[in-house]
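>>> model this:
(one chain, ligands or ions: 1)
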Amino acid sequence: MYKSIAIDGPAGAGKSSISKLLAKKINFHYLDTGAMYRACTYFYLLNNIDVNDEKSINENIDKINLTIENGVFYLNGKDITKEIRSDEVTKNVSLISSYKKIRENLVDMQRNIAKQNNIILDGRDIGSHVLKDASIKFYLTADAEVRANRRLNDDAVSSNLTFEEILEDIKRRDYFDSHREITPLVKADDAILIDSSNLSIDQVIDLMIKHLEKNNVI
Ligand code: CDP
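Numbers count the residues shown, from 1 in each chain. Alright, predicted model coming up:
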């Protein structure tokens, strides 16, 4: 029986940087579920499909062939690592990820991947929905200003936005993600809350490892 670690939290809380490093340290696989929603969003933008039109979103969903190899995301065979971090994708991803069919497809994929390895999944609904019986759940958060500042200094993000614009986007996404109808962002009752506002990445990882040991996950 494989072990799974769920890490949820709002935009820019450091989930993906932390998950990546933690996975390496404890020799688990890692799946960035946000990147999957970003990949779908990129597909619709690229093909000029109206992101507000749920019917066309659903009609075109089967044209999306998303594959992941060694953590690299491919859309219909093309590496889209950089494209999915653009401002345009970031602006539209919360809307795309609020659609039922998109979520059902991606959640199926996530559960299938999680079945096959010891794995960390990060996202918004992992502990509350995708892996309700995960071996351990974390809810990682930080003050919005701290998160915006981290995002501003993140080299992986291809953004031309100012600090104020990033902060605005983060607050808008947090609101949208926590208020959508289907599996909104919420802290699962049994998730361990970590506020990283005053913690370094290494401190968060050390804290998580202590919890993993205490709960016999590693
Ligand atoms: O890295 P960042 O915090 O900007 O967000 P992300 O993890 O890349 O996720 C992008 C968006 O995808 C989120 O704002 C959510 O709208 C959506 N998402 C979701 O709905 N469910 C997930 N499990 C992961 C992401």
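
>>> Compute the number of surrounding residues for residue 167.
Residue 167: 19 surrounding residues under other Cβ atoms under 10 Å. Bear in mind the C-beta positions are built from the backbone N, C-alpha and C, glycine included.

>>> Verify the stated contact: it with residue 144.
Yes. Using Cβ atoms under 8 Å, residue 167 is in contact with residue 144, at 6.3 Å.

>>> Spit out the contact partners of residue 163.
Contact analysis of residue 163 by Cβ atoms under 8 Å, 6 or more residues apart in numbering lists 148, 149, 152.

>>> and what of residue 211?
136, 138, 192, 217.

>>> Excluding chain neighbours, what is closest to residue 149?
residue 163 (6.8 Å; Cβ to Cβ, 6 or more residues apart in numbering).

>>> any idea how far the one you found lies from residue 192?
Residue 163 sits 30 Å away from residue 192, going by Cβ to Cβ, to the nearest Å.

>>> got it, and residue 78?
Applying Cβ to Cβ to residue 78 and residue 192 gives a distance of 38 Å.

>>> okay, these two: which has more neighbours?
Neighbours per residue, other Cβ under 10 Å: of residue 78 and residue 192, the larger number sits with residue 192, 16 against 9.

>>> In three-state terms, how would the closest residue to the more buried one other than its chain neighbours be classified?
Nearest non-adjacent residue to residue 192, counting by Cβ to Cβ, 6+ apart: residue 138, 5.2 Å away. Taking DSSP: H, G, I helix; E, B strand; the rest coil as the rule, one finds residue 138 in the strand state.

>>> And for residue 138, the neighbour number?
Neighbours around residue 138, by other Cβ under 10 Å: 30.

>>> picking up where we left off before, out of the contacts of residue 211, which one sits closest to residue 60?
Comparing the contacts of residue 211 against residue 60 with Cβ to Cβ places residue 138 closest, at 34.7 Å.

>>> what are the bridge partners for that closest one, then?
Using DSSP bridges, the bridge partners assigned to residue 138 are residue 7, residue 192.

>>> check contacts around residue 201.
Taking Cβ under 8 Å, 6+ apart, one finds 14, 17, 18, 21 in contact with residue 201.

>>> What average pLDDT does stretch 117-133 get?
Stretch 117-133 shows a mean pLDDT of 97.
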